[in-house]
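1. Let me see the structure of the following:
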Amino acid sequence: MNTIRLRDFIEDREGCLYAVSNYDNSDRVGCILRYVPDTEGERVSRTTGRRYRKYDFSEAFAWIREHKPEYLDSVHRVPHSDVVRVYKPEEEIGKVAARNDRVRRLLSHFSLPAGSFGCTGSLLCGLENAASDIDLVVYGDAWFAAQRQLKRLVETGVIPEMSTAMWRKVYDKRVPEISFDAFVLHEQRKWNRGEFEGTYFDLLYTRAYDNLNALPAGKGTVLGRATIEATVTDASLSFDSPAVYAVDHDEISRVLSFTHTYSGQALAGEVIEAKGVVEEHGDERWLIVGTTREAKGEYIISKTLLESV
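-> Next up is the predicted model:
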């Protein structure tokens, strides 16, 4: 079996389902609990008929703290010995498309290599309902092809532009520290989300198997909070999780975002303003954005973009 990577799902011995949130899963699988078997749960498995309850971020940590405290960390750390199944988006996409007409129609507009894409989230686990978003995952360089294709599909009218109502829904869900207008201005040039047949969808970047160690993992020594202004020198991993921006700055060498809100937020050569927590990693200092679920008091903006309008 291929290495467990970001955006896979795992199932433990009790049937709980977790979204993999890390690339480094060699010791234990870094993930977040998403679905727990529950006879009164609102989600029903399309394959087994088993009922599940969906847990949000804070509920998941509370459940783990009570029932699986040995998993508790900055994320949930599940030992490999407790994993009974791994759900991989690129391996399950055929089954997902076969049972979900909307996913099949959306995918029909893209031309991507086999094995380079899939669905994560509830669709991957067979727990989707009529209101479920479509979380498309595309791997490595194929993601950039999908991004270009989405731009062309929207510009030619094959896929509609995101409605103001949908932008507002995304903004309200993300509750970012920037204004709605600034949020939409940044988002509209990313081409990593859209609206199809009234349903919201994401294009989520994940590294290819030959590039899983592109960045050192782990938490550094916290030095305090800071707001910086810097020029981005490399944004090639800016759509990853975490998003990574190499910057030209006297003290900070990288800005990382652990919230999807600020992925793809700036291009190489642009000047950014970023506020977050400074961590020391060896002889480097990184600015971390998204140290809490909603990144309160933390943000990244492209000053170059904002000043251009």
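2. going forward, measure contacts and count neighbours with C-alpha atoms only.
-> Will do.
3. Look up phi and psi at Y262.
-> Dihedral pair for Y262: phi -110, psi 20, per degrees, to the nearest 10.
4. Please look at it and Y299 and confirm they touch.
-> Yes - judged on C-alpha atoms under 8 Å, Y262 makes contact with Y299 at a distance of 7.2 Å.
5. who's more crowded, these two?
-> The residue with more neighbours, out of Y262 and Y299, is Y262; 26 against 22, by other C-alpha atoms under 10 Å.
6. which residues sit in contact with that one?
-> Counting by C-alpha atoms under 8 Å, 6 or more residues apart in numbering, Y262 touches 243, 299-300.
7. Check E280 too.
-> By C-alpha under 8 Å, 6+ apart, the contact list for E280 reads 220-223, 286.
8. from the residues you listed, which is closest to S108?
-> Using C-alpha to C-alpha, W286 comes nearest to S108 of the contacts of E280, at 40.6 Å.
9. Around D56, how many other residues sit close by?
-> D56 has 12 nearby residues by other C-alpha under 10 Å.
10. wait, it sits on R34?
-> Yes - here D56 reaches R34: they are 6.9 Å apart, a contact under C-alpha under 8 Å.
11. hmm, back to that, ChimeraX command to pick out the buried ones of the contacts of E280?
-> The following ChimeraX line selects those of the contacts of E280 that are buried, judged by 16 or more other C-alpha atoms under 10 Å:
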select :286
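12. Switch the contacts of E280 over to a markdown table; also include pLDDT.
-> What follows is those, written out as a markdown table (pLDDT from 0 to 100):
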| residue | pLDDT |
| --- | --- |
| G220 | 87 |
| T221 | 92 |
| V222 | 94 |
| L223 | 95 |
| W286 | 96 |
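13. Just the ones in strands from the contacts of E280, please.
-> Among those, DSSP state E puts 221-223, 286 in strands.
14. Please confirm that H186 is located within a strand.
-> No - H186 is assigned helix when assessed by DSSP: H, G, I helix; E, B strand; the rest coil, not a strand.
15. What separation do you get for it and V232?
-> Separation of H186 from V232 (C-alpha to C-alpha, to the nearest Å): 15 Å.
16. And the helix of greatest length in the chain, what's buried?
-> Counting residues, the longest helix found in the chain (DSSP state H) is helix 141-155. For helix 141-155, burial by neighbour count (16+ other C-alpha under 10 Å) applies to 142-144, 146-147, 149-151, 153-154.
17. got it, and stretch 258-276?
-> 258-267, 270-272, 274-276.
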